[in-house]
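>>> 3D, please:
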Amino acid sequence: MLKRFNAANSRKALWIDVLQQAYQYALPQREEFYSNQREGQKKNEEVYDSTAINGLQRWASRMVATIMPPWRQWATAVPGSEIPDEEKEQAKVLLEQITDTLFAAFNHSALATQAHEAILEAGVSTGALLFQEGDDDQPFDIVAVPASQIVPEEGPDGTIETVFREWDVPGRLIERKWPDAKIPHTVQQEIKNKPDSKHKIIEGTIYNNETKGYDYKVMIKRGMQIIVEREEEVSPWIVFRTSVMPGEILGRGPIMQALPDILTANKVVEFTLRRAAIDIAGIYTHVNDGAINPYTIQLVPNSLIPVSSNATENPTLRRLDTGGGIDVSQIVLADLRANINDALYSNQLGPVEGPTKSATEISIRQQELVQTAGATFGRLQTELLEKLIKRGLYILQRLGKVAPFKLDGKEVTLRYESPLARAQDAEEIQNITRWMEIGGALGPQIFMGGAKVEEIPRVMGELLGVPAELNREDEGPQGKQALTQMVAQIIAQSQLEAEGG
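Okay, here's the model as predicted:
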């Protein structure tokens, strides 16, 4: 275990410099990659431009609101491909009840706050959530883990398969954190004498290819003694990225993509402030005639400086002309900030004080956002949302709160209902509506002869997220045929009345 951890940690060490730089200018309060840091330390003294800091906060909030809005059901378990058609409606109602139980547990957990913290880290590189089992009253225990603590190890297909965590734990919390820990006697004595002394702990959730499960181990690094050993069917770790380069395991978030612009903007603001300080306070030259002591003089407002002469031809103290001209820094800074905001998907609808946007323009811009960020959203759905739901259902099944089933796409699959999914479904709804308009122009007989009009309400209801209990139960071919004939008679009667009128 320790050899595998050291190998993975050596690979992560190659990222420390670029991670520290990205965190310093975009997430300075979270940077903990060096051991000389202390609690309460100032971490943003070298930050002059806050565009990336504010932009990352908005980006993370937008991601949460777009893919997993709090206190809303952003996904539904639906029957998979192997469920017979005659059983799908009944299975759909049952799965909706299971989904309600799942999201009730999500809403009463710390998912909303902890997911935001983890997505902030993914905006830089890699986010991590530790999703553990709670109790009957609070079944989900979800905690965001800093990227500085996790050491991932990839599988054969490039996905994160094994996760190590190295962190310092106060001795008095070890037994509370791991009730089944077998703590060595020497460590117990140290905990008794110094309960607040911290111990370096290495956790390993290691994929076992033979059992297709995970071996969970906890080691006290000093002495290399394993104190906890368990087996897990589903990994409690949810490690996700927004973008990954081939051959790499840690992610490269939008902050890392925009890092050159962030560094340049920070330097431009720093130079601008230095120039402003010179313009306000000025730089002075003085004649070395004994009237002014350069080591004691203070150039402050309303102060009087005694001099021997203030002749304009040869003043003792004179302000140095620092020059002027066109200030191009603001032009450069505006372009840099625009590039940073574009990388973080900010200002998609333009400034608030701009002209009022029409509903069509807003819809088009939202579709453009979906197309621009489609790859990011797709990876977050795979590495974050799907794993959250699988882990949550596994815990609820262990606690006996829901019936056991497989979320494998065959027996049960997922349909996302977040605002992002709604934006993706909007185009399909528009296509169906347009198709119905064109079909209606051809005449009801032609349209009904070539279209399954009886299926349109069900499909539109699924795209709009209408509950399954509002759909009519399947009455078989005879029932559908009778319904189709009834609709045809209504259309024909309406047409006759219109012609008679």
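>>> what's the neighbour count on residue 206?
Applying other CB atoms under 10 Å, we find 19 residues neighbouring residue 206. (Glycine included, C-beta is placed from N, CA and C.)
>>> Rounded mean pLDDT for the strand or helix carrying it, please.
Secondary structure from DSSP states H and E places residue 206 in strand 198-208. For strand 198-208, the mean per-residue pLDDT is 92.
>>> Convert the C-alpha atoms of it to CSV, please.
Provided in CSV are the C-alpha atoms of strand 198-208 (Å, rounded to 0.1, in the frame of the first residue of the first chain):
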residue,chain,number,x,y,z
LYS,A,198,-1.6,15.2,15.1
HIS,A,199,-0.8,12.0,13.5
LYS,A,200,-0.1,11.5,9.8
ILE,A,201,-2.8,9.2,8.4
ILE,A,202,-2.9,7.6,5.0
GLU,A,203,-6.3,6.3,3.8
GLY,A,204,-6.4,4.0,0.8
THR,A,205,-9.5,3.0,-1.1
ILE,A,206,-7.9,0.4,-3.5
TYR,A,207,-9.7,-1.2,-6.3
ASN,A,208,-9.7,-5.0,-6.2
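>>> Point out where the stretch 351-500 of the chain drops to low pLDDT.
Scanning the stretch 351-500 of the chain for pLDDT under 70 picks out the ranges 351-374, 419-427, 444-445, 448-449, 454, 463-488, 490-492, 494-500.
>>> Please, where are all the strands along it?
412-416 (DSSP state E, counting those that start in this stretch).
>>> likewise the stretch 201-350 of the chain?
Remark: strands assigned in the stretch 201-350 of the chain by DSSP E, counting those that start in this stretch are 213-220, 225-232, 237-241, 283-286, 317-320.
>>> As TSV, these with distance to residue 441 and mean pLDDT would be great.
Below are the strands of the stretch 201-350 of the chain laid out as TSV (distance: least, CB to CB, whole Å; pLDDT from 0 to 100):
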stretch	distance to residue 441	mean pLDDT
strand 213-220	59	92
strand 225-232	59	90
strand 237-241	47	93
strand 283-286	79	73
strand 317-320	80	66
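>>> To residue 135, which of those lies closest?
For residue 135, the closest of those is strand 225-232, at 17.5 Å, according to CB to CB.
>>> The residue positioned nearest the centre of the chain: what secondary structure?
For the chain, the residue nearest the mean C-alpha position is residue 119 (2.9 Å; CA atoms, centre = their mean). With DSSP: H, G, I helix; E, B strand; the rest coil as the basis, residue 119 sits in helix.
>>> does it really touch residue 63, like I thought?
Yes. The criterion here is CB atoms under 8 Å, and residue 119 meets it with residue 63 at 5.1 Å.
>>> Mark out where each domain of the chain begins and ends.
2-257, 259-372, 418-501 (automatic domain parsing).
>>> For residue 398, which of the ones you listed is the nearest?
domain 2-257 (6.7 Å).
>>> the strands in the stretch 51-200 of the chain, which residues?
Along the stretch 51-200 of the chain, counting by DSSP E, counting those that start in this stretch, strands occupy 75-79, 126-133, 140-144, 150-154, 160-170, 198-208.
>>> Contacts for the first one, please.
Contacts made with strand 75-79 from outside it, assessed by CB atoms under 8 Å, 6 or more residues apart in numbering, are listed as 87-88, 91-92, 95-96, 98-99, 102, 385, 389, 393, 407, 411-418, 465.
>>> mind checking how far that strand is from the chain centre?
When distances are taken as CA atoms, centre = their mean, to the nearest Å, strand 75-79 is centred 22 Å away from the chain's centroid.
>>> Give the buried residues for stretch 222-242.
By neighbour count on 16 or more other CB atoms under 10 Å, the buried set for stretch 222-242 is 227, 228, 232, 234, 235, 236, 237, 238, 239, 240, 241, 242.
>>> Let's have those residues in CSV, adding distance to residue 135.
Listed next are these as CSV, based on distance: CB to CB, whole Å:
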residue, distance to residue 135
227, 23
228, 19
232, 18
234, 18
235, 21
236, 16
237, 21
238, 21
239, 25
240, 27
241, 32
242, 33
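>>> ok, so of those residues, who is nearest residue 345?
Checking these against residue 345 with CB to CB, the nearest one is residue 242 at 11.1 Å.
>>> Tell me how far that closest one lies from residue 57.
Note on residue 242: its distance to residue 57, by CB to CB, to the nearest Å, is 16 Å.
>>> Same check on residue 154?
Note on residue 154: its distance to residue 57, by CB to CB, is 30 Å.
>>> And for residue 150?
In terms of CB to CB, residue 150 sits 22 Å off from residue 57.
>>> go on, residue 382?
On the measure of CB to CB, residue 382 and residue 57 end up 25 Å apart.
>>> Centre of the chain to stretch 218-237, how far?
28 Å.
>>> distance between the ends of that stretch?
One end of stretch 218-237 sits 15 Å from the other (CA to CA, to the nearest Å).
>>> got a list of contacts for it?
Identification of contacts with stretch 218-237 by CB under 8 Å, 6+ apart yields 1-2, 128-132, 150, 160, 163, 166, 174, 178, 180-184, 186-187, 199-205, 207-208, 211, 213-217, 390-391, 394.
>>> If any of the residues you listed are buried, give me the PyMOL selection for them.
Buried members of the contacts of stretch 218-237, defined by 16+ other CB under 10 Å, are picked up in PyMOL with:
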select buried, resi 128+129+130+131+150+160+163+166+174+178+183+187+199+201+202+203+204+205+207+214+215+216+217+390+391+394
